[in-house]
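Chemist: Return atomic coordinates for the entry below.
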Amino acid sequence: MPGSMPASPSSGRGEPVIEIRPVRPTDYDAWLPLWDGYNEFYGRAGATALDPAITETTWKRFFDPGEPVFALVADAGGSLEGLAHYLYHRSTTRVEPVCYLQDLYTTPARRGHGIARALIEGAYAEARRAGLKRVYWQTQESNTPGRRLYERIARHHGFIVYSHDV
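Modeler: Down below sits the predicted model:
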């Protein structure tokens, strides 16, 4: 199970300390609006919203020790301000598994305050703890603010992602 780590001290603007920690079963009601916001950001809302069974299954996977799927949250004094979902999987180019940071989201009001960076660094720390050497993720080309951060803390390898539902 992932550990807990402080993300940043109070900014001096009255903002609480952000703690990056594993999601807890009691966090569901605070996690769900973040999950919904993340999905809305990527166009999965209204008529294109995820089936509720996907949300339910995703939530259950975080607490199933047989699943290599994990969640971190950014806790600001009891208010969840961001999430990171990641999973470990095998790779044909490495002996050890790799970590795929699948979902990353910060509440719009707290963007630009270091929460996304702290969540990514939390995933880095968890991957190191698990003996992994690579964390990777993807984003939309148009996610300019996110990409500015990613360019500072990771390397873009130039890949373009294709997918096809079968």
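Chemist: helices and strands of the protein: which one has the lowest mean pLDDT?
Modeler: None of the helices or strands of the chain scores lower by mean pLDDT, DSSP states H and E than strand 5-8, at a mean of 52.
Chemist: Beyond that strand, next helix or strand please.
Modeler: Sequence order places strand 18-22 as the next helix or strand after strand 5-8, per DSSP states H and E.
Chemist: averaged over its residues, what pLDDT does that next one have?
Modeler: Throughout strand 18-22, pLDDT has a mean value of 97.
Chemist: what helices or strands is the helix or strand just after it leaning on?
Modeler: Counting by DSSP H and E, the next helix or strand C-terminal to strand 18-22 is helix 28-41. Here helix 28-41 touches helix 52-61, strand 69-76, strand 79-89, strand 98-106, going by 3 or more CB pairs under 8 Å, 6 or more residues apart in numbering; DSSP states H and E. For the C-beta atoms, the positions are set from N, CA and C on the backbone; glycine is no exception.
Chemist: Would you list the strands that the second one pairs with, along with their directions?
Modeler: It refers to strand 69-76. strand 18-22 (antiparallel), strand 79-89 (antiparallel) (DSSP bridges).
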